[in-house]
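# return a 3D structure for these sequence lines:
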Amino acid sequence: MWTADDIATMCYERFAALPRRGKPEAGREWTLLAGVVKLTQGLHTGTGDVLNDSHAEVIARRGCVRYLTEQLRRAVCGQASGVFCGAEQQGRWRLKPGVSFVFFTSHTPCGDASIVPMTTDGEVQPCPPVGAADPPEGPNQATAGGGTSKQNGEAPAEEGQREGGCKRPRWEGRPGDHCRHQETEGDAAQPPSSTTGPSWSGDASRQAEAHADQPLPPSREQQPGTEAPSLAPLDVHRTGAKCVPGGPVDPHLPGVAYHSTGVLRVKPGRGEPTLSLSCSDKLARWGVLGFQGALLSHYLQGALYFSAVVVGKCAYEHQALLRAVVTRCAHVSGLPEGFSVCPPTLLQSSLEFSCSQAQTELRHQATQGRVSPCGAAISWCDVLDEPLDVTANGYKHGVTKKALGTPKARSLLCKVELFHSFLSVLSATEQAHLPNSLRGKELRSYWDYKRASHSYQEAWQQLRMQALSLWPRSDRDLLLFS
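Here you go, the predicted structure:
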């Protein structure tokens, strides 16, 4: 059986093995690491395919989707796939027995999960102390936050990025923001090198159910129903993520009453205001809809769920992560076939990321200037063609201004590139083997294909109505590319 430290070690080692380009400057720049680890059943060990980036959970998930898209293309072409095998429904596929996916993040996800109690005066407060005179947040405030814990390196994200020739709206962030929250898909054939990892049996959704209530080592994890720490919290760590307009607001009272909890929040960042939701909210959404997205749902018999979420050593509380990722959506019902509420096992590793803000500050020299977040985003996934993707300011690292707006400047994880990867699967599928949802329809744009994934859209509608009603809707015009 694997441990949280095993998962953290695999991700840290993969990051260390990547080329220097795009990595933070030691002692001056810090960054975040997120990854998805594929585990397969074995007698003693299995194989772990780490799909990670240096900053954010959304890029890690997009890298995973890129990997899955290539594995699906191999399956429909009759080639060996390490992930999928044929399912009972026509044109559908399912995970191979023994394959599951674990999500790792070196820091608690931004948003609700990062509102963590502080129990000692010695803890570093990520935001300045507040006094009783500080005003409460207005009902329509939706500015990108200025918290200095995890959030200071976050960037406005995915749903309104300039993709497919569409102009992003003002609230989605400016071109100068990091692209670490873009999504993407891609291709894989012979993986560059696999990482030996712990074994894991059963598919992702069953693993989440089978292990959710198992006891964990008392020193690092705490399951629902166990005793909370005896010390009363003196304060809470702040999040720069602002409450979504139209719902509860942060009271901004001193101490533990500073934040409202369990609410949707827009992603923090250093750019203009954004309506892209926090990573806590997206993890909660993936726990019901799966992390495969609407496009891959055409080909899959059921949604894909993370069997576990592992957080590295940082400010952490199990109940806060449980509230943010699981509890908010636990009551959702009436989901279509293939979808369910699949809470992951929540674990924390005792190992800290070497490029974290805390470790960077420890190594900082006075001659290096101030400590700041790294400006580049690195994505690596286990594919043959261009496994490494380094971006800055939303575009490929090193591109000239002349190339901006052309395919040369695109991240491999942007919506356009992932959509094109999905279309390559479609073109490789024989007409007789097409899923029913793709038969006899005139589908052209990215939005057409997303909307045609009826089961996914029905599940999203149920989730929105019952739990996430304030989730902002994307500008449809930004999804009409082809």
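# from here on, just use CA atoms for contacts and neighbour counts.
OK.
# which parts of the stretch 351-482 of the chain are helices?
Secondary structure of the stretch 351-482 of the chain (DSSP state H, counting those that start in this stretch): helices at 357-363, 415-428, 446-452, 454-466.
# and of those helices, who's closest to L275?
Closest to L275 of the helices of the stretch 351-482 of the chain is helix 454-466 (Cα to Cα; 15.9 Å).
# mind giving me the packing neighbours of the closest one?
Helix 454-466 sits against helix 279-289, helix 293-297, with contacts defined as 3 or more Cα pairs under 8 Å, 6 or more residues apart in numbering; DSSP states H and E.
# quick one: mean pLDDT for the last one?
Taken as a whole, helix 293-297 has an average pLDDT of 98.
# can you name the next helix or strand after it?
strand 308-311 (DSSP states H and E).
# and the contacts of that next one?
The list of residues contacting strand 308-311 from outside it, by Cα atoms under 8 Å, 6 or more residues apart in numbering, reads 4, 7-8, 101-108, 208, 344-349.
# where does the prediction get shaky in this structure?
Where the chain drops to pLDDT under 70, the residues are 41-56, 119-231, 269-274.
# wait, doesn't C314 sit right on H107?
Yes: applying Cα atoms under 8 Å as the test, C314 and H107 come out as touching, 5.9 Å apart.
# those two: who's more crowded?
Counted by other Cα atoms under 10 Å, C314 and H107 do not tie: H107 has more neighbours, with 28 against 18.
# contacts only, for that one.
Applying Cα under 8 Å, 6+ apart to H107 gives the contacts L32, L33, K150, V311, G312, K313, C314, A315.
# and those residues, which two are the farthest apart?
Across these (Cα to Cα), the longest gap, 15.2 Å, separates L33 and A315.
# who's more crowded, those two?
Higher neighbour count among L33 and A315: L33, with 28 against 18, using other Cα under 10 Å.
# wait, that one touches T108, no?
No: using Cα under 8 Å, L33 is not in contact with T108, being 10.7 Å away.
# buried sites along stretch 34-43?
Within stretch 34-43, the residues that qualify as buried are A34, G35, V36, V37, K38, L39, T40, Q41, counting by 16 or more other Cα atoms under 10 Å.
# quick check, nearest of the residues you listed to P472?
Lowest distance from P472 to those (Cα to Cα) belongs to A34, with 24.5 Å.
# okay, and the beta partners of that closest one?
D53, T105 (DSSP bridges).
# thought it was touching T108?
No: checked against Cα under 8 Å, the pair A34 and T108 is beyond contact range at 10.3 Å.
# how close does G394 sit to Q466?
Per Cα to Cα, to the nearest Å, G394 is found 34 Å from Q466.
# quick one: which of the two has more around it?
Between G394 and Q466, counted using other Cα under 10 Å, the more crowded position is G394 (27 against 15).
# isn't the more buried one up against C414?
No: with contact defined as Cα under 8 Å, G394 does not count as touching C414 (9.1 Å).
# how about L275: what's its closest non-neighbour residue?
V266 (5.4 Å; Cα to Cα, 6 or more residues apart in numbering).
# and for R21?
Spatial nearest neighbour of R21, chain neighbours left out: V390 (7.6 Å); criterion: Cα to Cα, 6+ apart.
# what do you get for A467?
Distances taken as Cα to Cα, 6+ apart put C329 closest to A467, at 5.8 Å, once the chain neighbours are dropped.
# show me what contacts that neighbour?
For C329, the contact set (Cα under 8 Å, 6+ apart) comprises A284, R285, V288, V341, L463, A467.
# from T327, how far off is the last one?
A467 is 10 Å from T327, where distance means Cα to Cα.
# quick one: which of those two has more around it?
Under the neighbour definition other Cα under 10 Å, A467 and T327 were set side by side, and A467 has more, 18 against 15.
# ok, the more buried one touching R328?
Yes: counting by Cα under 8 Å, A467 touches R328, with 6.6 Å between them.
# before we move on, back to that, closest to G398 among the buried residues of stretch 34-43?
For the buried residues of stretch 34-43, the residue nearest G398 by Cα to Cα is A34; the value is 23.2 Å.
# and that closest one, how far from S421?
For A34, the distance to S421 (Cα to Cα) stands at 23 Å.
# now do Q431
Q431 sits 18 Å away from S421, taking Cα to Cα as the criterion.
# between the two, who's got more neighbours?
With neighbours defined as other Cα under 10 Å, Q431 and S421 compare such that S421 has more, 20 against 12.
# coming back round to it: including secondary structure, could the buried residues of stretch 34-43 go into TSV?
Shown next, in TSV, are the buried residues of stretch 34-43 (DSSP: H, G, I helix; E, B strand; the rest coil):
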residue	secondary structure
A34	strand
G35	strand
V36	strand
V37	strand
K38	strand
L39	strand
T40	coil
Q41	coil
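# out of those residues, who's nearest V58?
For the buried residues of stretch 34-43, the minimum distance to V58 (Cα to Cα) is 8.4 Å, reached by A34.
# can you count the residues close to T400?
T400, neighbours per other Cα under 10 Å, totals 11.
# and for the closest residue to Q457 other than its chain neighbours, the neighbour number?
Nearest residue to Q457 in three dimensions, chain neighbours excluded: R451, at 6.8 Å (Cα to Cα, 6+ apart). Residue neighbour count, defined by other Cα under 10 Å, stands at 16 for R451.
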